[in-house]
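Enquirer: Predicted coordinates and the sequence they were generated for:
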Amino acid sequence: GMEGPRRRLCACFSKDDSAPRPPPAPRPPRGPEDETEPNPPPPPEPTPEPNPPPPPPPPEKTPEPTPEPNPPPPPIPPPLRPPPPPPPPPGSTGPIPPTVPPGYKEIWRDDFNGDDIDYNKWSRGLIYDQDPSQHVLWHPKLGGPHLLGVLYDGYILDKNTKVRDGSISLRNDEEDPPIEGTWPTGRFPHSSGFANSLHKTFFNGSKRGQGIYVDLRANFPSGNVGKVWSAIWMIPEEPHWPPEIDLWEYFGIFFNPEWGVDEMQYRIRYGWYTDTNAIKVKLKNFQDEWGRGWHDYGFLWTWNKMKWYIDGVQVGELTNGEDMERWLWPDEDMAFVLQNGLMESVRANDPAMRTEFPNDLLIDHITVYEKQL
């Protein structure tokens, strides 16, 4: 979540509160073996030459089919802005978690099993990779494609977002020498990893009679991670902000040690750009209470309820019309943002919790279920 004002540029939104990849493999060029030997019977020429020279040239034209290798391995996939993708093929679904309500069916899933992100589902960093003018909102003066805003410290690099060993990895790391930033400018001793699904993967849980359940398995950074600001959150598809739904947001130190150390939060940010409010719940001493390592995280979003689960245990609930005004309840298509960021206000050697590098947010899978009408 973001703790400060932000403004939307182009098509997305920000979290300042507080390019292109492999296409289908090119088909091998057709070889000259398909060319037939010239047989002169059809055109009866008066005196066919005993040694016809025309046939030899065709074999030498083998290089002609080389235009097909033109498309290099990393062409940009076609722009995608369809409704949510169809259900996965049979056999790709996992067991339905017991916290998924009856009548819900899997409609989208990413197991991160390849050797790179699925570009039909994700873009690296903050931009929409089919049109970089559309992006997650960054601070209009102090942010850019490599930094959401002044509350953050790590310079966002594509190399910090990888798929390996069946998980997506978003990494914070030290940079020596520091990065000489271009947008925004400055010297950055740390780097961070982000990904977003803007215009590719988006859902609205508030559709009447429907609702979605997001199930994911993740390993948030743990140990000495004082500067860490990891989050899985949702932003509007349309160019405005708020709302913002922070499904899971982990802080090593929440801006300063007096405000909180080792906290997992979930919240909704709502209101207007210049006057936002947030309903938030804090799970304190997260590493001690829940244990380090992998956990199953669940989030239910319907037109009148939101519920949060960890390892099958409900840890929170918000009700439309009780916890917030009905007309402020999020009711629109929203996309995912995955981040492993760093808190600018926290020193790496803070005695309350120092910070060790590198550290990673790992996500094994994300599955979306939708209530079937």
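Expert: Looks like it came in fine.
Enquirer: contacts and neighbour counts: CA atoms only from here.
Expert: Fine.
Enquirer: so how far is Gln339 from Leu126?
Expert: Separation of Leu126 from Gln339 (Cα to Cα, to the nearest Å): 10 Å.
Enquirer: Check Pro351 too.
Expert: Pro351 sits at a distance of 25 Å from Gln339 (criterion: Cα to Cα).
Enquirer: Among these two, which residue is more densely surrounded?
Expert: The neighbour comparison of Pro351 against Gln339 (other Cα atoms under 10 Å) goes to Gln339, with 27 against 10.
Enquirer: How about the contacts made by the spatially closest residue to the more buried one that is not a sequence neighbour?
Expert: Once flanking residues are discounted, Gln339 sits nearest to Phe194: 4.4 Å by Cα to Cα, 6 or more residues apart in numbering. Neighbour list for Phe194: 124-126, 156, 158, 160-161, 170, 337-341 [criterion: Cα atoms under 8 Å, 6 or more residues apart in numbering].
Enquirer: Overlap in contacts, Leu126 and Gln339.
Expert: Counting by Cα under 8 Å, 6+ apart, the residues touching both Leu126 and Gln339 are 194-195.
Enquirer: all helices for the chain, in order.
Expert: For the chain, applying DSSP state H gives helices covering 57-60, 286-290.
Enquirer: Ranked by average pLDDT, which of the ones you listed falls at the bottom?
Expert: Of all those, the minimum mean pLDDT falls on helix 57-60 (a mean of 48).
Enquirer: For the stretch 151-300 of the chain, give me the ranges with low pLDDT.
Expert: Within the stretch 151-300 of the chain, not a single segment meets pLDDT under 70.
Enquirer: run the last query once more with 80
Expert: Applying pLDDT under 80 to the stretch 151-300 of the chain picks out residues 273-274.
Enquirer: what about the strands in it?
Expert: Under the criterion DSSP state E, counting those that start in this stretch, the stretch 151-300 of the chain contains strands at 155-156, 161-164, 167-182, 185-196, 202-203, 212-219, 228-236, 244-253, 261-272, 275-283, 294-301.
Enquirer: tell me the most buried of those?
Expert: strand 155-156 (a mean of 28; mean count of other Cα atoms under 10 Å).
Enquirer: Can you tell me the strand partners of that strand and which way each runs?
Expert: If you go by DSSP bridges, strand 155-156 pairs up with strand 185-196 (parallel).
Enquirer: Centre of the chain to the partner strand, how far?
Expert: Centre-to-centre, strand 185-196 and its host chain are 16 Å apart (Cα atoms, centre = their mean, to the nearest Å).
Enquirer: what angle separates it from strand 228-236?
Expert: Strand 185-196 and strand 228-236 are oriented at 60 degrees to each other (axes from the mean of the first three to the mean of the last three Cα atoms, to 10 degrees).
Enquirer: Dump the strands of the stretch 151-300 of the chain into a markdown table; add distance to Gln130 as well.
Expert: Converted to a markdown table, the strands of the stretch 151-300 of the chain look like this (distance: least, Cα to Cα, whole Å):
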| stretch | distance to Gln130 |
| --- | --- |
| strand 155-156 | 18 |
| strand 161-164 | 18 |
| strand 167-182 | 21 |
| strand 185-196 | 12 |
| strand 202-203 | 16 |
| strand 212-219 | 26 |
| strand 228-236 | 18 |
| strand 244-253 | 23 |
| strand 261-272 | 28 |
| strand 275-283 | 30 |
| strand 294-301 | 29 |
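Enquirer: Between the ones you listed, which one is closest to Ile363.
Expert: Proximity to Ile363 (Cα to Cα) singles out strand 212-219 among the strands of the stretch 151-300 of the chain, at 4.3 Å.
Enquirer: what's the angle from the closest one to strand 228-236?
Expert: Angle of strand 212-219 versus strand 228-236, following the same axes, to 10 degrees, is 160 degrees.
Enquirer: what lines up beside strand 212-219 in the sheet?
Expert: Using DSSP bridges, the strands paired with strand 212-219 are strand 294-301 (antiparallel), strand 359-371 (antiparallel).
Enquirer: List the contacts of the shortest one.
Expert: Meaning strand 294-301. With Cα under 8 Å, 6+ apart as the test, strand 294-301 has contacts from 99-100, 205-206, 211-220, 247, 306-312.
Enquirer: if we go to 6 Å?
Expert: With contacts defined as Cα atoms under 6 Å, 6 or more residues apart in numbering, strand 294-301 is touched by 205, 211-219, 306-311.
Enquirer: same question, the last one
Expert: If you take Cα under 6 Å, 6+ apart as the criterion, strand 359-371 is touched by 103-111, 167-172, 210-221, 340.
Enquirer: and stretch 110-120, average pLDDT?
Expert: Stretch 110-120 shows a mean pLDDT of 97.
Enquirer: quick revisit: nearest to Gly271, of the contacts of Phe194?
Expert: The closest of the contacts of Phe194, once distances to Gly271 are taken by Cα to Cα, is Val337, at 20.2 Å.
Enquirer: who's the closest residue to that closest one other than its chain neighbours bridged to?
Expert: Leaving aside its sequence neighbours, Val337 sits nearest to Asn196 (Cα to Cα, 6+ apart; 4.4 Å). Here Asn196 sits in beta bridges with Ser123, Val337, going by DSSP bridges.
Enquirer: thinking Asn196 is in contact with Ala335, fair?
Expert: No: checked against Cα atoms under 6 Å, the pair Asn196 and Ala335 is beyond contact range at 7.4 Å.
Enquirer: got any residues that touch both of the two?
Expert: What both Asn196 and Ala335 touch, as defined by Cα under 6 Å, 6+ apart, is an empty set.
Enquirer: what's around Asp116, how many residues?
Expert: When neighbours are counted by other Cα under 10 Å, Asp116 registers 15.
Enquirer: residue contacts, it?
Expert: Contact analysis of Asp116 by Cα under 6 Å, 6+ apart lists Val163.
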